[in-house]
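Student: Show me how the following folds:
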Amino acid sequence: MKLRFTALLLALALLSAACGKGENQGLPAAPEELSLSVREFPLRSEEDGMDLCLGVKNGRALFLDLEKQNADSPGGRNTVEADLSTGEWRELGFWSVEVQWDGKDTYYWVGMTGPVQKDAMGSQSGAAGGPVRYEWKEWQQEGIWRGNDKGEGELIYRFPDGKKREIRNLALFGDTLCWGERIPDETGGPDQEEFCLLNLESLVVQRRTEGVEYWVDNGCLFSLDRRNILRAENLSTGEEFFDRWVDSCSGAFYRNDRIIWNTGAARFQIYDCKTEETRDLIDPMAGEAEILWEMYLLRDRYLVFRVTEPQLDGPEQSKGLRILDLESGEVLYRSAEDPQVEKRENWYYSQLLAEGDTALLVGQEHEPVEYWALTGKGALSVFTLQ
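Tutor: Have a look, this model is predicted:
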């Protein structure tokens, strides 16, 4: 499918100039001619081993098979890697709950040790009543490994203090590996949360313990606290250079001395760090109740995001994928309006991931009444900028 967008804003600017208006007004750039191809691969998660997508790079995607709850589970597979150009997939040589890779030959995964025999006392329901002892085998995380697709490598990060910890949301940004680390409180108190950054050259770990959300983009460390204060600091120097209250923010990016973030699904802001000026972009077609979930920036210009809308009498309605041109300020593409993207009953998109020129929507089918009762049918919709 080829989608081509006209230079409407440019024509309006020329018309305004001909009327003696609009000179030196700094009008937004017109949309460039853009081609977008869309391909879809149907799948059944229990057969293909694709349940949870962990990341997209260089036209490939990693998936975690949720049927594999531990390394000895007979019904599940190891981490699955899919070629998004062909729909073909292969099973990698390791099992892990968190995996990332550089898009080439190096993989990073959370290593698991065990199984450890566990037992606990509980109460037995029914007429018999009384206490009963439960036993199970439990796998525990040991740290982060770096290696190849066969699972051959080295342990580059081991949990400190000998405490039981849990790594979540493993992410790779250049030469920095990031994750959240949960530390259970053995006394029954609230668990501790840390955000960790591992320099892959020096293997030095930085830790942040404040109760805020962190992420990294292009050498910038973002944080969003409970008061909705968005901050940005230089990852190398630690210098903070942005501090602002935001509302309904799903994420932010730092590119070309600009901070880019959203306010809900209808409004987007671009802050110029040099001029200290903020530009607002509005999508007049976005609904007031719509929710923006994952958001990615492609080619430093196109904001790609997934939108849903809550429904009072049923499951939320998926609005699919949208592409916003930051230069022109226009939403160039809405998959919900694309006749070549198949529309189905009882269908929702659970994930959006994007990198380079590729965006991936992970779709799943649910039962007509039960929103979370999945049928096992799914599809991967691959959108590629040409």
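
Student: ranges for the strands of the stretch 201-350 of the chain?
Tutor: Using DSSP state E, counting those that start in this stretch, the strands of the stretch 201-350 of the chain run over 205-208, 213-217, 220-224, 229-234, 240-245, 252-255, 258-263, 267-272, 278-282, 291-298, 302-311, 314-325, 331-334, 347-355.

Student: Of those, which shows the lowest average pLDDT?
Tutor: Per-stretch mean pLDDT for the strands of the stretch 201-350 of the chain is lowest at strand 314-325 (a mean of 89).

Student: list the buried ones in that strand?
Tutor: Ser318, Lys319, Gly320, Leu321, Arg322, Ile323, Leu324, Asp325 (16 or more other C-beta atoms under 10 Å). Where C-beta positions appear, they are placed from N, C-alpha and C, glycine not excepted.

Student: try stretch 138-149
Tutor: Quick answer for stretch 138-149 (16+ other C-beta under 10 Å): Trp139, Gln141, Glu142, Gly143, Ile144, Trp145, Arg146, Gly147, Asp149.

Student: Please compute how far that stretch lies from its chain's middle.
Tutor: Its chain's average C-alpha position is 21 Å from that of stretch 138-149, according to C-alpha atoms, centre = their mean, to the nearest Å.

Student: And the contacts of it?
Tutor: 70-71, 81, 92-94, 97, 105-116, 118, 153-159, 164-167, 170, 177, 179, 198, 200 (C-beta atoms under 8 Å, 6 or more residues apart in numbering).

Student: Among those residues, which lie within strands?
Tutor: Taking DSSP state E as the definition of strands, the contacts of stretch 138-149 contribute 81, 107-116, 118, 153-158, 166-167, 170, 177, 179, 198.

Student: which residues of this structure score low on pLDDT?
Tutor: 1-33, 122-130 (pLDDT under 70).

Student: Distance check, Asp217 against Cys178.
Tutor: Per C-beta to C-beta, to the nearest Å, Asp217 is found 11 Å from Cys178.

Student: quick revisit: now the strands of the stretch 201-350 of the chain as a markdown table including distance to Trp101?
Tutor: Shown next, in a markdown table, are the strands of the stretch 201-350 of the chain (distance: least, C-beta to C-beta, whole Å):
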| stretch | distance to Trp101 |
| --- | --- |
| strand 205-208 | 20 |
| strand 213-217 | 17 |
| strand 220-224 | 22 |
| strand 229-234 | 26 |
| strand 240-245 | 30 |
| strand 252-255 | 22 |
| strand 258-263 | 26 |
| strand 267-272 | 30 |
| strand 278-282 | 33 |
| strand 291-298 | 17 |
| strand 302-311 | 21 |
| strand 314-325 | 24 |
| strand 331-334 | 28 |
| strand 347-355 | 11 |
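
Student: Gly55: which of these is closest?
Tutor: strand 347-355 (6.4 Å; C-beta to C-beta).

Student: coming back round to it: and Trp372, which of the strands of the stretch 201-350 of the chain is closest to it?
Tutor: Ranking the strands of the stretch 201-350 of the chain by proximity to Trp372 (C-beta to C-beta) places strand 314-325 first, at 8.7 Å.

Student: List the contacts of Gln351.
Tutor: Leu52, Cys53, Glu294, Arg306, Leu360, Leu361, Val362.

Student: so which strand or helix has Glu46?
Tutor: helix 45-48 (DSSP states H and E).

Student: so the helix or strand just after that helix versus strand 347-355, what angle?
Tutor: Per DSSP H and E, the first helix or strand lying C-terminal to helix 45-48 is strand 52-57. Inter-element angle recorded for strand 52-57 and strand 347-355: 30 degrees (by axes from the mean of the first three to the mean of the last three C-alpha atoms, to 10 degrees).

Student: Can you list the strands that strand 52-57 pairs with?
Tutor: Strand 52-57 pairs in its sheet with strand 60-64 (antiparallel), by DSSP bridges.

Student: ok, and what's touching the strand it pairs with?
Tutor: By C-beta under 8 Å, 6+ apart, strand 60-64 touches 49-55, 79-84, 89, 97, 99-101, 103, 353, 360, 380.

Student: Just the buried residues from those residues, in ChimeraX please.
Tutor: Per 16+ other C-beta under 10 Å, the buried members of the contacts of strand 60-64 correspond to this ChimeraX selection:
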select :49,50,51,53,54,55,79,80,81,82,84,89,97,99,100,101,353,360,380
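
Student: For Asp191, give its distance to Arg168.
Tutor: On the measure of C-beta to C-beta, Asp191 and Arg168 end up 12 Å apart.

Student: hang on, the earlier thing: list only buried entries from the ones in strands among the contacts of stretch 138-149.
Tutor: 81, 107-112, 153, 156-157, 166-167, 170, 177, 179, 198.
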